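# Would you be able to build a 3D model of this:
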Amino acid sequence: VLALWGMSVPRSPLAAVLGLVFHRLRLRFMGLRFEERAPDAVPREVRARIDAVYAVAIGLSIVDVVVSACMQARHLVLALRLGDTFQVMRAASLEASHLSSRGGPETPRERELFAIVQRLAEQGEDGESRQAFFQAKSGIRFFLRGRWKEAREVLDAAYARFPNNRGGSHSNAYLFSLYSLVFLGDFVELAQRQAHLLADAEQRGDIYTAVNLRVGYPNLAWLAADDVNAARRHAALAREAMATWRGSSSSGFLVQHWEVMLAEAQIELYAGEPARAYERLARDAKALKKSFLHQVQFLRAGTAYLRARCAVALAVSAGSGVAASSAASLQSRATLLDEAAALGHRLEREAMAWTAPLASLVAAAVANARGDRSTAATHLRAAIDRAIAADMALFAVAGDFALGRLIGGGEGQRLEAEARAWMTNQAIEDPERMVALFVPGLWRG
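The predicted structure is shown next:
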């Protein structure tokens, strides 16, 4: 489609990064000023050219993030030059979402872009659908900054008036709302929504949505039900579906490949196979690095937390006499714990409310594996407080359970019992396995 308009997609991750830098420099030079024009005042063929770039930018937004960001910056340049208020609103909204994916506090540039979006969302006869689009993008921005509760509320409300539309940005809104449930710890709602959305996607032949529902964090729904076989089966189905996708990516390693990696490594951790989990991450390490997906904070921090958990679990299994695999023979126990500690420090440096409890859980697991139970308890208490502040209930409860086991006595028994009751209420069938997944190690006083 782009070729019809004399355009193309970057052929490599490096080309996409260079293109992104070029187009954002153009935006800095030209600014965000534009002459407003009603959509019907713009020639259809000119609007179609910009629509083509928009389709690529949003279509790859959670598939090939770097290419999407490059095409999106180009999309915003074209939209501002034309001045079509609807297209400017879409382009400014997508650009703000890409900027928020880098993490850190909201920038003046983002606020400037969303001021434009908010103003234009209220114009035109299609104001209701514009407002829905604006809400959806706001919800995704909340999600990318770990504001799970706000993300869920805004995303659920965004397209409530359009229940029959499941494509485009609607699809991503449903997915991000589902992802928020994992961090909020609402596993009952997660299982119900996932089953409904997956059945709907399969009925419509929507492979993209089905893949995203089977892997990544949604795959935890089957682990919560203690159904490891189902978790493996759905990850395999996602792999099969992705094998049918023809090469549209510059990197060859998409967000969905990352989601498969996450799901399969977590399945192995839950199943008590840390060596396999560690090896699973090593298999994709080079492709992940080449993809530039680490530019997205959510993926970067999620990878660090996963690698740290795998390293601690493998170190603990090696130290407890479990038969060593090839991965264990290559890495000494001390080296594995040093690796996990470094990843925990990396999470701390992300300086976000949602990464802080992950950093503390990693620090606690490392200290415990090294036999420093006092320091482990201190980090667990910090993790619990930080998780509560970030609306990350499951992580707080996992910390409670581990702390209860660690300190023992009356307080320890109470913490463990309360954690078990919470997980049972959320239909988590095996609390001990779930805790070991998020804060690995032998927790005993």
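
# so M89 touches I116, yeah?
Yes: between M89 and I116 there is a contact at 7.3 Å, judged by C-beta atoms under 8 Å. All C-beta atoms are positioned from the backbone trio N, CA, C, and that covers glycine.

# between those two, which one's more packed in?
Neighbour count, other C-beta atoms under 10 Å: between M89 and I116, M89 has more, with 24 against 21.

# State the distance from that one to R44.
From M89 across to R44, the span is 18 Å (C-beta to C-beta, to the nearest Å).

# same thing with A69?
According to C-beta to C-beta, A69 and R44 sit 28 Å apart.

# Between those two, which has more neighbouring residues?
Neighbour totals were compared for A69 and R44, and A69 leads with 29 against 10 (other C-beta under 10 Å).

# Name the nearest residue to the more buried one, ignoring sequence neighbours.
H98 (4.8 Å; C-beta to C-beta, 6 or more residues apart in numbering).

# okay, now that neighbour: neighbour count?
Residues near H98, counting by other C-beta under 10 Å: 25.

# Beyond the helix or strand hosting it, next helix or strand please.
Using DSSP states H and E, H98 maps to helix 85-100. Next in sequence after helix 85-100, counting helices and strands by DSSP H and E, comes helix 108-121.

# Provide the contact partners of that next one at residue level.
32, 85-86, 88-89, 92-93, 95-96, 99-100, 127, 130-131, 133-134, 137-138, 141 (C-beta atoms under 8 Å, 6 or more residues apart in numbering).

# out of these, which are buried?
32, 85-86, 88-89, 92-93, 95-96, 99-100, 130, 133-134, 137-138, 141 (16 or more other C-beta atoms under 10 Å).

# coming back round to it: output the helix holding H98 in PDB with nothing but the alpha carbons.
Only the C-alpha atoms of helix 85-100 are listed here, as PDB (Å, rounded to 0.1, in the frame of the first residue of the first chain):
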ATOM      1  CA  THR A  85      -8.200  18.100  12.300                       C
ATOM      2  CA  PHE A  86      -9.200  14.400  12.500                       C
ATOM      3  CA  GLN A  87      -5.800  13.200  11.200                       C
ATOM      4  CA  VAL A  88      -3.900  15.600  13.400                       C
ATOM      5  CA  MET A  89      -5.800  14.300  16.400                       C
ATOM      6  CA  ARG A  90      -4.900  10.700  15.600                       C
ATOM      7  CA  ALA A  91      -1.300  11.500  14.800                       C
ATOM      8  CA  ALA A  92      -0.700  13.600  17.900                       C
ATOM      9  CA  SER A  93      -2.300  11.000  20.100                       C
ATOM     10  CA  LEU A  94      -0.200   8.100  18.700                       C
ATOM     11  CA  GLU A  95       3.000  10.200  19.000                       C
ATOM     12  CA  ALA A  96       2.200  10.900  22.700                       C
ATOM     13  CA  SER A  97       1.700   7.200  23.300                       C
ATOM     14  CA  HIS A  98       5.100   6.400  21.700                       C
ATOM     15  CA  LEU A  99       6.800   9.000  23.900                       C
ATOM     16  CA  SER A 100       5.200   7.600  27.000                       C
END
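
# ok and it relative to helix 108-121, angle-wise?
150 degrees (axes from the mean of the first three to the mean of the last three C-alpha atoms, to 10 degrees).

# which other helices and strands contact helix 85-100?
helix 44-59, helix 65-82, helix 108-121, helix 127-144 (3 or more C-beta pairs under 8 Å, 6 or more residues apart in numbering; DSSP states H and E).

# quick check: angle from the first one to helix 65-82?
In this structure, helix 44-59 runs at an angle of 150 degrees to helix 65-82, with the same axes, to 10 degrees as the basis.

# could you give the mean pLDDT of helix 44-59?
Model confidence over helix 44-59, given as mean pLDDT, is 91.

# Just the buried positions in that helix, please.
R47, R49, I50, A52, V53, Y54, V56, A57, I58.

# Please produce a markdown table containing these, extended by distance to L442.
As requested, these are exported to a markdown table (distance: C-beta to C-beta, whole Å):
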| residue | distance to L442 |
| --- | --- |
| R47 | 62 |
| R49 | 61 |
| I50 | 58 |
| A52 | 56 |
| V53 | 54 |
| Y54 | 52 |
| V56 | 50 |
| A57 | 48 |
| I58 | 47 |
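
# one step back: pull the distance from the helix holding H98 to the chain's centre.
Computed by C-alpha atoms, centre = their mean, to the nearest Å, the chain-centroid distance of helix 85-100 equals 20 Å.

# other SSEs contacting the longest helix belonging to the chain?
Counting residues, the longest helix found in the chain (DSSP state H) is helix 297-319. Judged by 3+ C-beta pairs under 8 Å, 6+ apart, the packing partners of helix 297-319 are helix 127-144, helix 255-270, helix 274-291, helix 326-330, helix 333-349, helix 355-369, helix 431-438.

# Let me know which of the ones you listed is tucked in deepest.
helix 355-369 (a mean of 27; mean count of other C-beta atoms under 10 Å).

# Return the set of buried residues in the helix or strand just after it.
Proceeding N to C from helix 355-369, the next assigned helix or strand is helix 373-389, under DSSP H and E. Across helix 373-389, burial judged by 16+ other C-beta under 10 Å covers R373, A376, A377, H379, L380, R381, A382, A383, I384, R386, A387.

# likewise stretch 292-309?
292-293, 295-309.

# can you list contacts of it?
13, 16-17, 65-66, 69, 101-104, 143-144, 251, 253, 255, 258, 262, 265-266, 269, 281, 288, 339-340, 343-344, 346-347, 350, 352, 354-355, 358, 362, 365-366, 437-440.

# Might you calculate how far it sits from the centre of the chain?
9 Å.

# for stretch 216-234, same thing?
Offset of stretch 216-234 from its chain centre (C-alpha atoms, centre = their mean): 17 Å.
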